[in-house]
Structure formats: structure tokens, C-alpha cells
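Asker: turn this into a model:
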Amino acid sequence: MGNRKKTAIIVAGGSGTRMQSAIPKQFMDLAGKPVLYHTITAFTTAYQDMEIVLVLPEQHISYANNLLQAFDNIPAITLVKGGETRFHSVKNGLQHIKGDAVVFVHDGVRPLVSPALVRTCYEAALSHGSAVPVIDMKDSIREVNGENNRAVDRGRFRIVQTPQTFVSSLLLPAFEQPYDPLFTDEATVVEHFGHFIHLVEGEEANLKITKPLDLLMAKAFLDLRG
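Answerer: Have a look, this model is predicted:
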């Protein structure tokens, strides 16, 4: 299979309203560095030849300069303006994929993804065309339908994480489809285009930082890693 080109599209949308913070959450401090510094470093640590496409809302581009100053050696980063939805933001990022590549699409606010998971996703995408990390549900869940609700077997469900990873020959044509509100992530787009989604085991620590408590948990996980 050889060594395929690797590009991580890191989607850093979101204004941080749930954080009650003026600073967008992807630029907040986590152990002395911006959240996005940790996210990007996981990918460049996994593979030396990783290219980073960072998709940002236009009003956050100014923060990106501070972010780049956090690196001793600035990796190959292309800054791209986001769109009105995640689908459109990712589509903007995909314009920068040239030739045959493995493409990782990752939430900027998941800074604790491990280089090992990035490598697992790469290998699985080469074998299966796609690799989407998931973890088991620990909570009991109920399905609510109007006035009624019922217990559901949580064993049949998984919690989806990122990086959602695909070979470009599969991902790029899928993103040529017209936008559908059901496209909540890349897997739904690719699945809608008629492809099977291959699941891999995600990580408990690969949490998404959306509220202040998540930042505390992320700090705790980082301390554990030492």
C-alpha cells in the first residue's frame, strides 16, 4: 500500500457560548498551551508527514497567530475559513486535498486524541476505506417519543468520536452531494453516499471540550499522562 499522503482537517468552529468565555474554547489554555495546540500536536506526533488544514470561523483567524506562536517548530498548517455548518466547513477544508490521500476529520476541541488512535484510524482506513472511532455507552438510555418513553438496549449503540478517517477517493465524491440537515458528521455523509462505515475502538480520554467541567477533566487526563 505504500505511504499515502496524510491530511488532518481540524474543524475549530464554535463560539464557546457554553464556556461563558470571551475566548473561543479551542484557544483556551490547557496546561499552558491553547487547546488546539494539543489537538494539532497529536496528529503531527502520529506522522511526521502529516499536513494540517485548520478550519476556523473568519472572526477567529486573529487567534490563530497566537496559536502558531505556541509551537517551537510550526507544523505545515493551512488556514481555511469555515462555512455555515460543519458540512460546509469540512467541504471548504477538502478543497485543499490534492491527489490520493488519507483524510482525518477531527474536532478541534478534542485535544486528548492519542497519536496511537490516529495511527489506528490510518491503518484501518487504508484497509476498509473508512475508520470511525466509537466507544461503548455506559449510561442507561431511554427513547422518548412525544408523551411516551421506553428503555433501550444500550449494547446496540455506540458513542461516535473523531478523527473520522477516510481515503480521499471515497470522501471527496461524498461531499459533492447536496447538503442535508441529517449530515451531522462525515460518517453520515459517506454512508448516505452508499458506503459502509468501518468502526474502530475509540478512547475514553478523547473527550470533547464544550463546557468548563470538560476543561478540568482534560487537565486531569493530561496530568495522568504526566
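Asker: what sits against the closest residue to Leu112 other than its chain neighbours?
Answerer: Of all residues not flanking Leu112 in the chain, Ala205 sits nearest, at 4.7 Å (Cβ to Cβ, 6 or more residues apart in numbering). Quick note: C-beta positions are derived from backbone N, CA and C, even for glycine. Contacts for Ala205 were tallied using Cβ atoms under 8 Å, 6 or more residues apart in numbering; they are Leu112, Ser114, Phe221.
Asker: one more: Leu36?
Answerer: Ile10, Ala12, Gln26, Phe27, Leu54, Leu67, Gly108, Pro111.
Asker: go on, His128?
Answerer: Residues near His128 by Cβ under 8 Å, 6+ apart: Phe196, His198.
Asker: returning to that earlier point: in a markdown table: the contacts of Leu36, plus secondary structure.
Answerer: Formatted as a markdown table, these follow (DSSP: H, G, I helix; E, B strand; the rest coil):
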| residue | secondary structure |
| --- | --- |
| Ile10 | strand |
| Ala12 | coil |
| Gln26 | helix |
| Phe27 | helix |
| Leu54 | strand |
| Leu67 | helix |
| Gly108 | coil |
| Pro111 | coil |
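Asker: compare those residues and tell me which is most surrounded.
Answerer: Pro111 (30 neighbours; other Cβ atoms under 10 Å).
Asker: re earlier: now the contacts of Ala205 in TSV, with distance to Val144, secondary structure and pLDDT?
Answerer: Output for those, formatted as TSV (distance: Cβ to Cβ, whole Å; DSSP: H, G, I helix; E, B strand; the rest coil; pLDDT from 0 to 100):
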residue	distance to Val144	secondary structure	pLDDT
Leu112	31	coil	98
Ser114	35	coil	98
Phe221	32	helix	94
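Asker: of those residues, keep whichever come out buried.
Answerer: Leu112, Phe221 (16 or more other Cβ atoms under 10 Å).
Asker: want to throw the contacts of Ala205 into TSV with distance to Thr45?
Answerer: Shown next, in TSV, are the contacts of Ala205 (distance: Cβ to Cβ, whole Å):
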residue	distance to Thr45
Leu112	13
Ser114	9
Phe221	16
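Asker: please report phi then psi for Asp136.
Answerer: When read as degrees, to the nearest 10, the backbone of Asp136 gives phi -70, psi 150.
Asker: can you count the residues close to it?
Answerer: Per other Cβ under 10 Å, the neighbour tally for Asp136 reads 12.
Asker: again, but for Leu207
Answerer: Neighbour count of Leu207, defined by other Cβ under 10 Å: 18.
Asker: who touches it in this structure?
Answerer: Applying Cβ under 8 Å, 6+ apart to Leu207 gives the contacts Arg110, Leu112, Asp214, Met217, Ala218, Phe221.
Asker: relative to Thr188, which of these is nearest.
Answerer: Nearest to Thr188 among the contacts of Leu207: Arg110, at 18.0 Å, using Cβ to Cβ.
Asker: which parts of this protein are strands?
Answerer: Assigned by DSSP state E, the chain shows strands spanning 5-11, 29-30, 33-34, 50-56, 77-81, 101-107, 130-136, 141-145, 148-152, 158-160, 164-167, 199-201.
Asker: reformat those into TSV and put mean pLDDT next to each item.
Answerer: Formatted as TSV, the strands of the chain follow (pLDDT from 0 to 100):
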stretch	mean pLDDT
strand 5-11	98
strand 29-30	94
strand 33-34	95
strand 50-56	97
strand 77-81	95
strand 101-107	98
strand 130-136	98
strand 141-145	96
strand 148-152	97
strand 158-160	97
strand 164-167	98
strand 199-201	98
